[in-house]
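1. Need coordinates for the following:
(4 chains)
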Protein chains: 2
Amino acid sequence: MPSKPNSITMDAVYTAPGYLFRRMQQIAVAIFVEECRAFDLTPVQYAALIAIHTHPGIDATRLSAVIAFDRSTLGNVIERLEAKKLIERKPSTEDKRVKLLYLTRAGAALLRDITPSVDRAQARMLQPLKPADRKALMALLSQLVDLNNEASRVPLRAEDALEHLGKAG
Amino acid sequence: MPSKPNSITMDAVYTAPGYLFRRMQQIAVAIFVEECRAFDLTPVQYAALIAIHTHPGIDATRLSAVIAFDRSTLGNVIERLEAKKLIERKPSTEDKRVKLLYLTRAGAALLRDITPSVDRAQARMLQPLKPADRKALMALLSQLVDLNNEASRVPLRAEDALEHLGKAG
DNA sequence: AGTAGATTGACAGCATACTCACAATGTGGA
DNA sequence: TCCACATTGTGAGTATGCTGTCAATCTACT
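-> Reported below is the predicted structural model:
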């Protein structure tokens, strides 16, 4: 079924990098949610919990840099995590604008319990590929994400997380 | 900077396939929007326009299958495209439930004019990689998306688009 | 013919993901 | 000191992306 020359076809969509990235993200989220259904946690909420666990007492702005997540959106995510009693917000004594984030005991427990499900989800995403191809894909994608970091609206700033250590009480 | 054994660190996030897919999608959308700012068109709206151009008279349900896009969301996308006068909705004479989708003259013109910008955006997404690596990444990702098609909530059904041909007036 | 079940588009609701704007607060330079 | 500027959290607004449900309609089976 040859297409007319000069005509726009669906190939312009199906073979475009952007389309493949969108599809893969869709698939990844679907697999994550399915595997973690029992815990009622989204991929973003999981990333936020991990970051707060790794950097107790981090504030929202720094958290957004650490997980490359828009600050406005993060506000809602934090609200939901707080409503589920997985994290706590405590005002900083040094800066009245800042609210520091901590895992609750329930949050820490959930993080421990959900790990096997998350690992299963991550494995499932790559499962259809041969092991060597999985490694190759991850290597290329890591590179590309790193090299394109500044192109996104919210670049990843992993080192930002360390700043609060000098200030915290 | 060694981490404690048994402790959960940010590596659990940064090296996870799901996180890389999310980051890459974020970056891809940012680049697309930036390149196509003059046309005020999102990646999803672009995909929908291409699909309607390729399959004039398609209905919303089949369109959602052709671009692997959730039907509920697609309703809003169609509304916005209609508001911008890029597409038209005409009731089907054969099935009173169905509304058939067509590009307007303005929609066709925009599709023609935006193509260079879209191509530039797609190229920019992969630019940081060496040409051979770009090909390798796209090949692996195409494979993975295809093999994982059923895992997503809205699997791609490219062949669905052909069904309306037998029915249309 | 008539009805059970499927399909279609629409709607409500939740969760990302971004824009811009704003008040409260903090910081550094004149 | 005081004032311009930056930062922090928050809010409104838009756009995906999903879950449901619903009425209208169509199809297939009896």
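
2. residues near the closest residue to A:Ser152 other than its chain neighbours, how many?
-> Leaving aside its chain neighbours, A:Ser152 sits nearest to B:Ile27 (4.4 Å; criterion: C-beta to C-beta, 6 or more residues apart in numbering or on different chains). C-beta coordinates here come from the backbone N, C-alpha and C atoms, glycine included. Residues within reach of B:Ile27, counting by other C-beta atoms under 10 Å in any protein chain shown, total 26.

3. before we move on, what about A:Arg105?
-> Count around A:Arg105 with other C-beta under 10 Å applied: 9.

4. before we move on, what about A:Ala51?
-> Neighbourhood size, A:Ala51 [other C-beta under 10 Å]: 23.

5. Check A:Ile31 too.
-> 23.

6. just to revisit the earlier point, thought A:Leu147 was touching the residue nearest to A:Ser152, still the case?
-> No: proximity of B:Ile27 to A:Leu147 does not meet the contact threshold set by C-beta atoms under 8 Å, at 9.8 Å.

7. A:Ala51 and B:Gly18: what is the separation?
-> 15 Å (C-beta to C-beta, to the nearest Å).

8. how far out from the middle of the chain is the helix or strand bottoming out on mean pLDDT in chain A?
-> In chain A, no helix or strand scores lower on mean pLDDT, DSSP states H and E than helix A:11-14, which sits at a mean of 86. Taking C-alpha atoms, centre = their mean, to the nearest Å, one finds helix A:11-14 lying 27 Å from the centre of the chain it belongs to.

9. tell me what it is packed against?
-> helix B:43-54 (3 or more C-beta pairs under 8 Å, 6 or more residues apart in numbering or on different chains; DSSP states H and E).

10. Next, see if the helix it packs on gets close to chain A.
-> Yes: using C-beta under 8 Å from any C-beta of the partner chain, we find that helix B:43-54 touches chain A at B:Pro43, B:Val44, B:Ala47, B:Ile50, B:Ala51, B:His53, B:Thr54.

11. pLDDT on that helix, on average?
-> Average pLDDT, helix B:43-54: 96.

12. On the C-terminal side of it, identify the next helix or strand.
-> Later in the chain than helix B:43-54, the nearest helix or strand by DSSP states H and E is strand B:58-59.

13. Can you list the strands that that next one pairs with?
-> Strand B:58-59 pairs in its sheet with strand B:99-103 (antiparallel), by DSSP bridges.

14. next structured bit after the least confident helix or strand of chain A?
-> helix A:17-35.

15. Can you point out the buried residues in that next one?
-> For helix A:17-35, the neighbour count (16 or more other C-beta atoms under 10 Å in any protein chain shown) marks A:17-32, A:35 as buried.
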